[in-house]
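S.K.: pasting the sequence and the predicted model now:
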Amino acid sequence: MLTLLFSMALAQDEVDPAAGEALPGESVVEAVPAVTAGHFTATLANGLRVTVLSDPDHKVVATQIWVAVGSAHEAQAELGFAHLFEHLMFGATELHDKEAYSRLHTVNGGRENAYTMFDNTVYLSEIAPEHHDALLALEAERFSKLLIDQDNLDNEKKIVTEELRISTENDPFSRVAMRGLAALFGDHPYAHSPAGTKADIAGADLDLVRKFYDGYYRPENLHLVVAGPVHGPTTLATIEALFGGLPADAATPPEVVALSAWDFPDDRIVLKEDLPPIKLAAQVYPLPAPSEQGYWASALLMEMVVGGEVDLFRHHLVEEQGKAIEALTFHEELEAGAIAGFASVSLPFRSQAKAFKLLSATRKHLDQLDWATEERLQTAKRRMLQAELEAAWFAEDQAHAVGIYADWWGDESLALGGAAEAIDAVTLEQVHAAWNDHIAGAEPVEIFIARGKAEEAK
Amino acid sequence: MSLLLPAVALAGWPADPVSWEVDQGTEVVFVEDHRVPLVEVRVWFPVGSWSPWFAENGGAEAFEIQLYDEDSALRQRADELAASFSFHVDPYSSNLAVRCLKEDLPEVLELLDEVLDNTSFSPDELKRMGQNRKIAWQSSNKDFMFKLEQGVLFSLFAEGDVRRSDYEEPAKVVKDDLTLLSTRSTLVRMPGRLIGFGGDLTRDDVEELAADLLPTVVSPDPSLTLEPVYLAPNTERTSSEVTLPGLTQTYFGYHREGITWQDPSFPAWLVADHVLGGHFFSRLYVALRHDDGDTYGAGTRGDPWHVPLAYGAWTFTRAENQASTEQKLVETVSTLAAEGITQQELDEAVSSLRGEQLLGSQSPGQVLDRALWEKVHDLPEGFRSYQIERAGELSLEEVNAFASDFYAPEHWTMLRLVAE
């Protein structure tokens, strides 16, 4: 049923069933041209991957460049560089001043932005279709002819430092989150925030920054995704003309160790911060990465437990037992694995030991799996399907889906109905197994956060 | 009243909104979009948190508790239908939103009817609502942006003015069932209700679905104080400081009263505001970020409203850089008053404002919410588009005449948030 609904929604899209793979050194355009909608992919001779989702029902064109480098790939001397570089990419090029890229968007009512994650840096544009060729020309330019000089670097270092002050240093919730991240992941590359630290940014010099750009910002590390009312073959040809000359020879980002193979701390992590008078106790479990077996079952598992109006964890701990004033759950997906967390929020009288005992009791209650019914699985599937369908309303969401499924799962057809099929294929037995393997049978990492001075942290 | 033409020719989905009356007191807005089998439903009631009657009689809790019955049956039913419900109280309206697959819509609407008819509010959830309200207030008092906005509003508006209310310590949650039920009953029967449908439906579908969705309209007791209370603004304003412990930056709110929707200067304000702080290379961004790296962000805040709210130019910088940044912020605003904008800035601002409308018209939910928002505030359909088109007709002299008065230093006051 899920697959049927999804294929109804994407009925206009045609994916070439005979699409081949590019041979080394050869440009291959893999596409079935369509009069209206279509899905076109190409790998240029220099290694740049290109996807065009041509969709006449969109009003704007979303263009995203996914760089396969994020904070998790930074060497010790490069910490914070992925984020700093995201800023520098809005600077001047050999042909245009630093205002040109934003100006194209502003004057035409478009929107430009970028963000840095652990696993990727992503550059975003939304603009009316008549300005898309001009946008592509500016994109090609900044990915090949960016000017990086000392003045520009110094100014961006000041700007990023102000960003760090406002986003973490002056916000107690962000401060404790950053310290929690560091304690949870230890020596894993996910331990340091994509934003970097003030010390990291202060250490960035021109040579190191240029080396980062010259090594990583190369076509083999890029995926250019376009979604919107554009003519697919023409857009591919434009991209090949503009980006085909970018020099190859990228540095390969280092592998990030899968969380399933990571040795998380055994001891409870205790943090204090200038928070309101509450205590937070959390149990954290690693879950499979997108590319690992069991990913879809674990995603559905989380949707079944906490995804609906009745969050089963909250329902037991807070509503039935009355043992916390609130419950929090988080499910953070990263390329090398996901993290699921179950937390209680208590008033100050609750002891640390008691808070964790109550959390474990709720976990044990859920271990009985009487909630894991076929009915609940089906409704969880239908909620996840809705999220997939909603992407059809926004060109930006479609481009994002292509980018993330291609980069993290290695399969962009998931954005074209494949995810709905994968969700539909999950069985109740697989969900039971996911709970037993990753939650019931696992030792969680425990994190306790209370009000107090940050320096008192143990 | 529909006096406008859309500024941008919009092809394909979502369609333009259409509306009609269900009864004398209920209007339907429909936005058709057949791209995916999803449906958005909205029910907006025309009274919100700034109404004295609503605030005194637990309107927010009466509205937001509705999905929480004592045995969780309503939420479980929502989950069985894979439907998501959300309740939100605005200053002028109380809004319910639902999203579901098209095939589930009839049953979801039956559930919506049961939710609006729920008479067994969970006492435990009401208690938690009270605790959470208290914790949220304590958290807000550690939030620099909240403190800055609070300082600005307290500087502009007198005690007792509803425009301060979102920044004052919240009242205790009303837990008395009879009061809550009475408040909810009055609210959902008030004339001025709006029903919205967006997505994979036809007008025939919506006419049938909307016909009996809500209980019969009943005019409220005329003695109820429904309208917000606005007092005369403070006249004596001086530069001032508020503090928060441990800050490493200073936050600036250079401010004055904003304009109203009815103000004939609205189109000129749209242009001048865009030039000053509306984009990444606005004058504030250039002066404070791109030129010297004083800050990460700068801009303007404060849209027009029924009555003037706060309007300001804001930024932040490291504490040791406070004096020079403040000077640049003030000079940037003052220069706009003294020298005005250029013809190129005017042309580009209008082009930008016109183009932005595409981004806000991509999904049926976006179009539906904008149409409902215009109706609940008694604005004509396509109000913003109309004002943008009027901006396109302004001469440079007209924009600069507005800017020379509105941005003149004598109308502006500085509020600094500094480390305690």
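M.R.: Good, I have the coordinates. Numbering: from 1, shown residues only, chains lettered A, B, ... in the order given.

S.K.: give the contact list for residue 120.
M.R.: Reading this off chain A. A:66-70, A:335, A:403, A:407 (CB atoms under 8 Å, 6 or more residues apart in numbering or on different chains). Backbone N, C-alpha and C define where each C-beta goes, glycine included.

S.K.: sorry, should have said chain B
M.R.: The contact partners of B:Ser120, by CB under 8 Å, 6+ apart, come to B:69-71.

S.K.: for chain B, give the residue positioned nearest to chain A.
M.R.: Sorted by distance to chain A under CB to the nearest CB, the residues of chain B start with B:Gly355, at 1.7 Å.

S.K.: ok, that residue touching A:Glu126?
M.R.: No: look at B:Gly355 against A:Glu126 with CB atoms under 8 Å: they stay out of range, at 10.3 Å.

S.K.: helix/strand/coil for B:Thr243?
M.R.: Reducing the assignment to helix, strand or coil with DSSP: H, G, I helix; E, B strand; the rest coil, the entry for B:Thr243 is strand.

S.K.: check contacts around it.
M.R.: Remark: with contacts taken as CB under 8 Å, 6+ apart, B:Thr243 is in contact with B:417-420.

S.K.: now with 6 Å?
M.R.: Counting by CB atoms under 6 Å, 6 or more residues apart in numbering or on different chains, B:Thr243 makes contact with B:418, B:420.

S.K.: wait, the residue of chain B closest to chain A sits on A:Asn108?
M.R.: Yes: here B:Gly355 lies in contact with A:Asn108, judged by CB atoms under 6 Å, at a distance of 4.7 Å.

S.K.: can you classify the residue located most distally from the centre of chain B by secondary structure?
M.R.: Relative to the average C-alpha location in chain B, and by CA atoms, centre = their mean, no residue lies farther out than B:Glu320, which sits at 35.0 Å. Classification of B:Glu320 by three-state DSSP places it in helix.

S.K.: please report how far it lies from A:Gly418.
M.R.: Summarising the geometry, the distance separating B:Glu320 from A:Gly418, computed by CB to CB, to the nearest Å, is 54 Å.

S.K.: now swap in B:Tyr407 and tell me
M.R.: In this structure, B:Tyr407 and A:Gly418 are separated by 54 Å, where distance is defined by CB to CB.

S.K.: higher neighbour count, the two?
M.R.: Here B:Tyr407 and A:Gly418 are set side by side on neighbour count (other CB atoms under 10 Å in any protein chain shown), and the busier one is B:Tyr407, at 22 against 18.

S.K.: which SS class is the closest residue to that one other than its chain neighbours?
M.R.: Counting by CB to CB, 6 or more residues apart in numbering or on different chains, the nearest residue to B:Tyr407 once its immediate chain neighbours are dropped is B:Ala337, at 3.7 Å. Classification of B:Ala337 using three-state DSSP returns helix.

S.K.: burial of B:Ala337, as a residue count?
M.R.: B:Ala337 has 20 neighbouring residues, counting by other CB under 10 Å.

S.K.: show the pLDDT at it.
M.R.: With respect to pLDDT, B:Ala337 has a value of 98.

S.K.: contacting residues for it?
M.R.: Applying CB under 6 Å, 6+ apart, one finds that B:Ala337 lies in contact with B:403-404, B:407-408.

S.K.: ok and the residue in the stretch 1-150 of chain A nearest chain B?
M.R.: Proximity of the stretch 1-150 of chain A to chain B (CB to the nearest CB) peaks at A:Gly109, 1.7 Å away.

S.K.: nearest residue to the residue nearest to the spatial centre of chain B other than its sequence neighbours?
M.R.: Within chain B, the residue whose C-alpha comes closest to the C-alpha centroid is B:Asp90; the distance, by CA atoms, centre = their mean, is 7.0 Å. In space, and not counting its chain neighbours, B:Asp90 is closest to B:Gly48: 4.7 Å by CB to CB, 6+ apart.

S.K.: show me which residues of the stretch 251-400 of chain A sit near chain B.
M.R.: Contact residues, the stretch 251-400 of chain A versus chain B (CB under 6 Å from any CB of the partner chain): A:276, A:308-310, A:325, A:379, A:382-383, A:389, A:392-394.

S.K.: which of these sit farthest apart?
M.R.: For these, with distances taken as CB to CB, the pair at the greatest spread is A:Pro276 and A:Ala392 (41.0 Å).

S.K.: of those two, who's got more company?
M.R.: Counted by other CB under 10 Å, A:Pro276 and A:Ala392 do not tie: A:Ala392 has more neighbours, with 22 against 18.

S.K.: can you pull out the strands in the stretch 151-300 of chain B?
M.R.: Taking DSSP state E, counting those that start in this stretch to define them, one finds strands in the stretch 151-300 of chain B at B:193-199, B:240-244, B:249-257, B:298-301.

S.K.: hey, which of the ones you listed is tucked in deepest?
M.R.: When neighbours are counted by mean count of other CB atoms under 10 Å in any protein chain shown, the highest per-stretch mean among the strands of the stretch 151-300 of chain B falls to strand B:193-199, a mean of 26.

S.K.: list the buried residues of stretch B:73-83.
M.R.: The neighbour-count criterion (16 or more other CB atoms under 10 Å in any protein chain shown) identifies B:74-83 as the buried residues of stretch B:73-83.

S.K.: repeat that for stretch A:83-101.
M.R.: The neighbour-count check on stretch A:83-101 (16+ other CB under 10 Å) flags A:83-93, A:96, A:98, A:100-101 as buried.
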